[in-house]
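Q: Got a sequence here, can you build the structure:
(one chain, ligands or ions: 2)
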Amino acid sequence: MKKQELIQAIQTLKKEKDAIILAHYYTDGDVQEIADYVGDSYYLSKIAKEAPQQLIVFCGVLFMGESAKILNPDKKVLMPDPKADCPMAHMVTLEEIKRVRAEHEDLAVVCYINSTAEIKALSDVCVTSANALKIVKNIEASKIFFIPDENLGSYVAQQVPEKEFIFNKGFCPIHKSMSKELVQEAKAQYPEAEILIHPECTPDVVALGDYVGSTSGIIEYATKSNKEEFIVCTEIGIEYALKQNNPHKVFRFVGEMKACASMKCVSLETLYETLKNEQYEITLDEDVMKKAEHALLEMHRLAQ
Ligand code: 13P
Ligand code: SF4
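A: Ligands and ions are numbered 1, 2, ... in the order given. Down below sits the predicted model:
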């Protein structure tokens with residue numbers, strides 16, 4: 001099918017089936033254009049929680065679809081490609097969480113939303129890059145086991161010196177490839193540019209940022225800024241929304257791996273097949289869902 005036919009077919013199926021399409025900023029521009037809502041992980045989980053539709057199509061990676069299902073156990077949640085998984089979501093073991101819990105008192109397990117449902121089920125609260133700092137500050141426990149992302153954990157810890165942090169060695173390969181040297185080279189070449197950093201980058205890169213924040217935070221900052229040129233350290237899919245909001249500004253991306261292969265699994269073709277065949281449905285163990293729901297609802301409560 002040609003692009004226009006695909007768009008038409010997706011819109012017709014969406015209406016017929018009363019589906020809602022959610023897309024993350026890292027998906028392709030074509031997917032973002034057809035989605036009902038586009039946003040960062042926190043915003044999309046809020047929309048999923050409140051959506052009246054019985055059918056949710058999540059254009060993103062598996063942990064996002066799983067979170068939508070956990071918050072809507074009676075709804076059908078579909079993912080355009082079952083291979084669209086985030087490697088960081090698996091970078092802590094259940095045994096490690098149990099071990100750290102057993103060894104420490106007055107401890108909260110704080111879990112980045114980029115994690116499997118099973119990991120969330122063993123956690124006290126979830127966070128995203130948009131709300132992690134606020135939530136950690138609101139937690140009563142004096143010790144925080146931050147999983148799976150060491151970089152986001154370090155970024156938060158720096159700003160909450162009153163708490164003791166235990167880290168875990170998880171990371172995002174895409175953001176890890178955005179090195180300090182590459183950012184410095186870009187800054188030397190474009191000295192007027194402001195540096196925008198996602199907190200999944202390593203601490204030496206975060207330290208170079210004029211702004212550090214979630215994908216939606218980066219878009220908001222760039223849109224409000226008086227500057228015309230930016231060096232951006234996050235996944236390249238965000239360029240679509242940055243350019244849509246700021247057609248005359250220049251965005252320079254750094255990193256050896258700028259694209260997240262999992263996010264790029266979603267296309268108009270896979271979205272069309274998903275809606276047509278109602279595939280690939282997220283199914284999770286009931287008990288895991290109940291426990292993981294607690295951590296996600298705690299996030300929504302503490303982020304208020
Ligand atoms: P945001 O919540 O900032 O959109 O980040 C999601 C993500 O996967 C970053 O790699
Ligand atoms: Fe995971 Fe990184 Fe891809 Fe985000 S960009 S989904 S953290 S691999």
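Q: which stretches of the stretch 51-200 of the chain form strands?
A: 55-59, 76-78, 107-112, 125-127, 143-147, 164-166, 194-197 (DSSP state E, counting those that start in this stretch).
Q: Mean neighbour count, the ones you listed: which tops it?
A: Most buried of these by mean neighbour count (mean count of other C-beta atoms under 10 Å) is strand 125-127; its value is a mean of 29. For the C-beta atoms, the positions are set from N, CA and C on the backbone; glycine is no exception.
Q: pLDDT averaged over it - what is it?
A: Mean pLDDT, taken over the full extent of strand 125-127, equals 98.
Q: Give me the nearest residue to Ala259, chain neighbours excluded.
A: Ile236 (5.2 Å; C-beta to C-beta, 6 or more residues apart in numbering).
Q: which residues touch the one you found?
A: 26, 253, 258-259 (C-beta atoms under 8 Å, 6 or more residues apart in numbering).
Q: one step back: I'd like the strands of the stretch 51-200 of the chain as a markdown table, with distance to ligand 2 appended.
A: Formatted as a markdown table, the strands of the stretch 51-200 of the chain follow (distance: least, C-beta to the nearest ligand atom, whole Å):
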| stretch | distance to ligand 2 |
| --- | --- |
| strand 55-59 | 12 |
| strand 76-78 | 17 |
| strand 107-112 | 9 |
| strand 125-127 | 14 |
| strand 143-147 | 14 |
| strand 164-166 | 20 |
| strand 194-197 | 14 |
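Q: what subset of the contacts of Ile236 is also close to ligand 2?
A: Among these, the residues lying close to ligand 2 (C-beta under 6 Å from any ligand atom) are Tyr26.
Q: Selection in PyMOL covering whichever of the contacts of Ile236 are buried, please.
A: Here is the PyMOL selection string for the buried members of those, based on 16 or more other C-beta atoms under 10 Å:
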select buried, resi 26+253+258
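Q: returning to what we had before: possible to save the strands of the stretch 51-200 of the chain as a markdown table with distance to Glu293?
A: A markdown table is the format used below for these (distance: least, C-beta to C-beta, whole Å):
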| stretch | distance to Glu293 |
| --- | --- |
| strand 55-59 | 16 |
| strand 76-78 | 14 |
| strand 107-112 | 13 |
| strand 125-127 | 10 |
| strand 143-147 | 18 |
| strand 164-166 | 25 |
| strand 194-197 | 32 |
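Q: before we move on, the earlier item: how is the residue nearest to Ala259 assigned, secondary-structure-wise?
A: Under DSSP: H, G, I helix; E, B strand; the rest coil, Ile236 falls in the coil class.
Q: And Lys258, by the same measure?
A: Going by three-state DSSP: Lys258 is coil.
Q: can you list contacts of stretch 63-73?
A: Contacting residues not belonging to stretch 63-73 are listed as 22, 24, 41, 44-45, 48-49, 51, 56, 58, 75, 77-79, 85-86, 89, 113-117, 120, 126, 282-284, 286, 289, 292-293, 296-297 [C-beta under 8 Å, 6+ apart].
Q: Quick one: check that stretch for contact with ligand 2.
A: No - shown here: stretch 63-73 not in contact with ligand 2 (C-beta under 6 Å from any ligand atom), separated by at least 7.8 Å.
Q: on that earlier part again, now the phi/psi pair for the residue nearest to Ala259, please.
A: Dihedral pair for Ile236: phi -60, psi -20, per degrees, to the nearest 10.
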